[in-house]
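In: Sharing a sequence plus its predicted fold:
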Amino acid sequence: MARSLALAALLAAGAAGAQPADPALCTACHGPGGNSAAPAIPSIAGQPGTFLENQLVLIREGLRVVLPMEPVMRGLSDAQIVALSKHFAAQPVTPAAGPAKPELVARGGEVSKRALCGTCHLPDYRGQNQVPRLAGQQEAYLAATMKMYRDAPAPGRDTQMSNVLRGIPDADLAALAHYFAHR
């Protein structure tokens with residue numbers, strides 16, 4: 001109930017052209033401190049600030065389509081984007097819910113080594129600069145995002161990720177998502 005009220009307030013502020021200054025509004029979807037509890041919604045806590053800034057600008061400018069965020073981002077200034085990004089980059093990451101499955105963790109670790117994921121995302125998968133954090137991210141979100149990169153390359157998407165994920169079977173993508181979520 002509280003989440004739906006906060007989301008309604010957030011959408012109303014965006015629709016009215018108001019400029020949300022309170023990062024608490026983002027928690028309506030992205031969870032307390034930016035740690036999402038919704039499988040399809042990414043956690044933004046602990047993401048690199050530059051990555052967050054880039055994504056928010058892309059959404060604000062309509063270059064990345066995230067329909068629920070469009071009214072919220074409309075009219076947001078660069079300074080507000082920087083402030084929100086710094087705030088959420090500094091938030092601690094809450095570990096993934098649920099137990100890790102050892103067989104998926106092992107398989108995901110092997111796939112990650114073969115795909116060299118730690119090269120860009122760093123060996124602990126915390127991300128850097130414009131490269132997102134994978135460690136502790138929502139498993140379902142990771143799986144869906146990796147499938148999108150693999151199956152639907154499009155303008156504005158990371159072509160490097162499309163190339164890295166090309167040919168990786170669904171079962172291995174699921175193992176990768178489980179592995180990263182439980183890091």
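Out: Looks like it arrived, so ask away. Residues are numbered from 1 along each chain as shown.

In: who's in contact with the residue most central in space within the chain?
Out: Residue closest to the average C-alpha location in the chain (C-alpha atoms, centre = their mean): Pro42, at 4.0 Å. Pro42 is in contact with His30, Ser36, Gln137, Gln138, Tyr141, counting by C-beta atoms under 8 Å, 6 or more residues apart in numbering. Every residue, glycine included, has its C-beta placed from N, CA and C.

In: hang on, isn't Lys101 packed against His178?
Out: Yes. Counting by C-beta atoms under 8 Å, Lys101 touches His178, with 6.3 Å between them.

In: who has more neighbours, these two?
Out: His178 (22 against 14; other C-beta atoms under 10 Å).

In: Just list what the one helix or strand Ala171 maps to packs against, helices and strands only.
Out: Following DSSP states H and E, the helix or strand that holds Ala171 is helix 170-181. On a contact count with 3 or more C-beta pairs under 8 Å, 6 or more residues apart in numbering; DSSP states H and E, helix 170-181 meets helix 102-115, helix 139-151.

In: quick one, what contacts the spatially closest residue to Ala174 that is not a sequence neighbour?
Out: Of all residues not flanking Ala174 in the chain, Ala143 sits nearest, at 5.7 Å (C-beta to C-beta, 6 or more residues apart in numbering). By C-beta under 8 Å, 6+ apart, the residues touching Ala143 are Leu173, Ala174, Leu176, Ala177.

In: Which pLDDT value goes with Ala143?
Out: Listed pLDDT for Ala143 reads 97.

In: Repeat that for the one 3 residues further on.
Out: Reported pLDDT at Met146 in the predicted model: 96.

In: if we can go back for a sec, out of the helices and strands packed on helix 170-181, which one sits most buried?
Out: helix 139-151 (a mean of 18; mean count of other C-beta atoms under 10 Å).

In: helix or strand right after it?
Out: helix 159-165.

In: Report all helices and strands that that following helix contacts.
Out: Checking 3+ C-beta pairs under 8 Å, 6+ apart, helix 159-165 ends up next to helix 139-151.

In: at 10 Å instead, please
Out: helix 117-121, helix 139-151, helix 170-181 (3 or more C-beta pairs under 10 Å, 6 or more residues apart in numbering; DSSP states H and E).

In: Need the ones you listed in CSV (columns: distance to Cys26).
Out: CSV is the format used below for those (distance: least, C-beta to C-beta, whole Å):
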stretch, distance to Cys26
helix 117-121, 23
helix 139-151, 16
helix 170-181, 21
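
In: Ok, which of the ones you listed comes nearest Arg74?
Out: The minimum distance between Arg74 and the helices and strands packed on helix 159-165 falls on helix 139-151, with 23.7 Å, by C-beta to C-beta.
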